[in-house]
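S.K.: Structure here, sequence nowhere to be found:
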């Protein structure tokens, strides 16, 4: 992979990491526990709990994506970015353009 491509992916990953960190910061309040003394009706409380659980799951996925983006940045520094971690073959540029944090080729995914 040439240096200009690596710089492009480095910028994409840095931007992705920043966006995820912003989301995690903004969603902290939504992930807070639903207080039992809140003046909500039974259905409203159930909806609030369901919304909270959805936010918690999305935050869990975003945290994992943040970790994967950090790992991809490390692979750029180590010179192994763009190679599948299992078989060692090149990951297609279409796949890297869509998901720059990906670690595997399509066959190993």
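M.R.: Received, thanks. Owing to the predicted nature of the structure, the values given are computational and were not obtained by experimental measurement.

S.K.: for the residue most central in space within the chain, phi and psi?
M.R.: What sits nearest the mean C-alpha location of the chain, by CA atoms, centre = their mean, is residue 65, with 2.1 Å. The phi/psi pair for residue 65 (degrees, to the nearest 10) reads phi -60, psi -40.

S.K.: I figured it was touching residue 101, is that so?
M.R.: Yes - taking CB atoms under 8 Å as the definition, residue 65 is a contact partner of residue 101 at 6.4 Å. C-beta: built from backbone N, CA, C; applies to glycine.

S.K.: which residues do these two both contact?
M.R.: residue 16 (CB atoms under 8 Å, 6 or more residues apart in numbering).

S.K.: picking that back up, let me see the contact set for the residue nearest to the centre of the chain.
M.R.: 16, 20, 101.

S.K.: could those residues go into JSON lines alongside distance to residue 69 and secondary structure?
M.R.: Formatted as JSON lines, these follow (distance: CB to CB, whole Å; DSSP: H, G, I helix; E, B strand; the rest coil):
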{"residue": "16", "distance to residue 69": "5", "secondary structure": "helix"}
{"residue": "20", "distance to residue 69": "7", "secondary structure": "helix"}
{"residue": "101", "distance to residue 69": "5", "secondary structure": "coil"}
